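Engineer: what's the 3D shape of this:
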Amino acid sequence: MSGIGERLLGGFAEAFGGQPALVVRAPGRVNLIGEHTDYNDGFAMPIAIGQETRVGFRAGSGPLRVTALDFGETDSFDPANPERVGGWRDYVRGVVDQLRQAGIAVPGGELAIAGSIAKGTGLSSSASLEVAVARVILESVGQSLDAVQLALLAQRAECDFVGVRCGNLDQIASAATTLGHALLIDCRSLALRQIAMPADAVVMIVQSGVVRGLVDGEYNRRRAECEAAAGILGVASLRDADEAMLDAARGRMDENTYARARHVVTENRRTLDAAEALEAGDLVRMGALMRESHVSQGKDFGITVPFTDALAGLMNEAIGKDGGARQTGGGFGGAVVGLMRKDRVAAVRNAVLESYRTPSGEVPLICIETPAAGAGPVA
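Structural biologist: Below is the predicted model of the structure:
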């Protein structure tokens, strides 16, 4: 049994006695390319990672009692009437609220949560939690949703209950990925394309040590700026714009709005090109697109920070031409993702450990990943 599995079962027994009737895991994700495109109806290409959230549930009567083992905190509420209280509790309550609105009679009982995804690092701990809670409750009452519908329910919990106007990328990545594959997501049609990772390629995730939060307004502000640009262009979303349209309308936009739109328009193109490159095993082209994406996130979208810029720069130098690195996630810190040949891992790791320190002066956390499977029950 994995460490997280032991921790979950031990924590459940200590909090509630006995064992959960069902355990579900939901992975975090790292986005290879396609940042802030999801809520613009565009394209993104994440992989699921080995870091995950596990939820154990035992249905019963009365309130829903919850223990978050990583925080040493608890919650208890009426599943027929979840109310906002803030913090991690709202992610659980928001999922219950959405299930209730979908006509699911959510039972009371006991629910324990354990995770291996560091919070605020850009690897979608919140989406993983939402998907795991939704899946375990549905399984426990004999109901099911397909992976995309499950993800959309989890997304609504975060948008409507928690208050982060997120797109659907993170939840879809957690719910619908396939072992060994990246996932190209059309965030408008919800069409999914599984893309096999080249056999000799690996993903390195390095934590910058700059922890960011999304409910502080910056994420929602970027979304509003994109919506303003789409309005000026006269399109439903920036998915419908191209670079020629954007340049023609430049005189009607302030520089900030123009730059935000340019990132999204060019990032959509890069993501589609990257899917073709990855499918062909062309890490040279894929790496060039990742580097371009990082520059665009900083120059046009204003979401990189000096620490992630420095980290991406030294990783790109160490990776060489066969691959690339970029800031991943919502921005303003978090992780940098690198794609490289397996034979470059040691050199890149050494370069990071020798040359980079977090804001607190510590060596960064480095993880090596290959694409994991999406959410599901744990045997």
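Engineer: got the residue ranges for the helices in the stretch 1-150 of the chain?
Structural biologist: 3-16, 89-101, 125-140, 147-156 (DSSP state H, counting those that start in this stretch).
Engineer: Quick one: closest of those to G302.
Structural biologist: Closest approach to G302 among the helices of the stretch 1-150 of the chain (C-beta to C-beta): helix 125-140, 22.4 Å. The C-beta positions use only the backbone N, C-alpha and C, and glycine is treated the same way.
Engineer: rewinding a little: can you redo the helices of the stretch 1-150 of the chain as a markdown table with mean neighbour count?
Structural biologist: Shown next, in a markdown table, are the helices of the stretch 1-150 of the chain (neighbours: other C-beta atoms under 10 Å):
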| stretch | mean neighbour count |
| --- | --- |
| helix 3-16 | 17 |
| helix 89-101 | 22 |
| helix 125-140 | 27 |
| helix 147-156 | 22 |
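Engineer: Among the ones you listed, which comes closest to E110?
Structural biologist: helix 3-16 (4.1 Å).
Engineer: And the helices of the stretch 1-150 of the chain: which comes nearest T328?
Structural biologist: Nearest to T328, of the helices of the stretch 1-150 of the chain and by C-beta to C-beta, is helix 125-140 at 13.6 Å.
Engineer: pLDDT of that closest one, averaged?
Structural biologist: Helix 125-140 carries an average pLDDT of 96.
Engineer: One more: stretch 47-57?
Structural biologist: 96.
Engineer: now it, how far from the chain's geometric center?
Structural biologist: 12 Å (C-alpha atoms, centre = their mean, to the nearest Å).
Engineer: how far away is G217 from R260?
Structural biologist: 15 Å (C-beta to C-beta, to the nearest Å).
Engineer: Using PDB, list the CA coordinates for stretch 305-325.
Structural biologist: Taking C-alpha atoms only, stretch 305-325 is exported to PDB below (Å, rounded to 0.1, in the frame of the first residue of the first chain):
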ATOM      1  CA  VAL A 305       7.500  36.100 -11.600                       C
ATOM      2  CA  PRO A 306      11.300  36.500 -11.400                       C
ATOM      3  CA  PHE A 307      11.700  33.200  -9.700                       C
ATOM      4  CA  THR A 308       9.800  31.200 -12.300                       C
ATOM      5  CA  ASP A 309      11.600  33.200 -15.100                       C
ATOM      6  CA  ALA A 310      15.000  32.300 -13.700                       C
ATOM      7  CA  LEU A 311      14.000  28.600 -13.100                       C
ATOM      8  CA  ALA A 312      12.600  28.200 -16.600                       C
ATOM      9  CA  GLY A 313      15.700  29.800 -18.100                       C
ATOM     10  CA  LEU A 314      18.200  27.600 -16.400                       C
ATOM     11  CA  MET A 315      16.100  24.500 -17.100                       C
ATOM     12  CA  ASN A 316      15.800  25.400 -20.800                       C
ATOM     13  CA  GLU A 317      19.600  25.800 -21.000                       C
ATOM     14  CA  ALA A 318      20.200  22.400 -19.300                       C
ATOM     15  CA  ILE A 319      17.600  20.600 -21.400                       C
ATOM     16  CA  GLY A 320      19.000  21.700 -24.700                       C
ATOM     17  CA  LYS A 321      17.200  21.500 -28.000                       C
ATOM     18  CA  ASP A 322      15.200  18.300 -27.400                       C
ATOM     19  CA  GLY A 323      12.500  19.700 -25.100                       C
ATOM     20  CA  GLY A 324      11.700  22.800 -23.200                       C
ATOM     21  CA  ALA A 325      10.500  24.300 -19.900                       C
END
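Engineer: mind listing what's buried in that stretch?
Structural biologist: Neighbour-count burial for stretch 305-325 flags 305, 307-316, 318-320, 322-325 (criterion: 16 or more other C-beta atoms under 10 Å).
Engineer: coming back round to it: same list (the helices of the stretch 1-150 of the chain) but as TSV, adding distance to G109.
Structural biologist: TSV is the format used below for the helices of the stretch 1-150 of the chain (distance: least, C-beta to C-beta, whole Å):
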stretch	distance to G109
helix 3-16	9
helix 89-101	11
helix 125-140	8
helix 147-156	20
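Engineer: For R349, find the nearest of these.
Structural biologist: The nearest among those, by C-beta to C-beta, is helix 3-16 at 22.2 Å.
Engineer: Can you name every helix or strand that the closest one contacts?
Structural biologist: Applying 3 or more C-beta pairs under 8 Å, 6 or more residues apart in numbering; DSSP states H and E, one finds that helix 3-16 makes contact with strand 22-33, strand 43-60, strand 64-68, strand 108-115.
Engineer: and the angle for it with strand 43-60?
Structural biologist: Here the directions of helix 3-16 and strand 43-60 differ by 30 degrees (axes from the mean of the first three to the mean of the last three C-alpha atoms, to 10 degrees).
Engineer: All further residue positions should be reported with the first residue as 45.
Structural biologist: Sure, I'll start numbering at 45, so the last one becomes helix 47-60.
Engineer: what does helix 47-60 rub up against?
Structural biologist: 45, 62-64, 67, 96, 98-100, 102, 109, 111, 113, 118, 154, 156-160, 422 (C-beta atoms under 8 Å, 6 or more residues apart in numbering).
Engineer: Residue ranges in this structure under the pLDDT threshold?
Structural biologist: 45-46, 163-166, 256-260 (pLDDT under 70).
Engineer: Counting residues, name the longest helix you see in it.
Structural biologist: helix 299-323 (DSSP state H).
Engineer: Check which residues of the helix or strand just after that helix are buried.
Structural biologist: Next in sequence after helix 299-323, counting helices and strands by DSSP states H and E, comes helix 327-343. Buried residues in helix 327-343, counted by 16+ other C-beta under 10 Å: 327, 329-338, 340-342.
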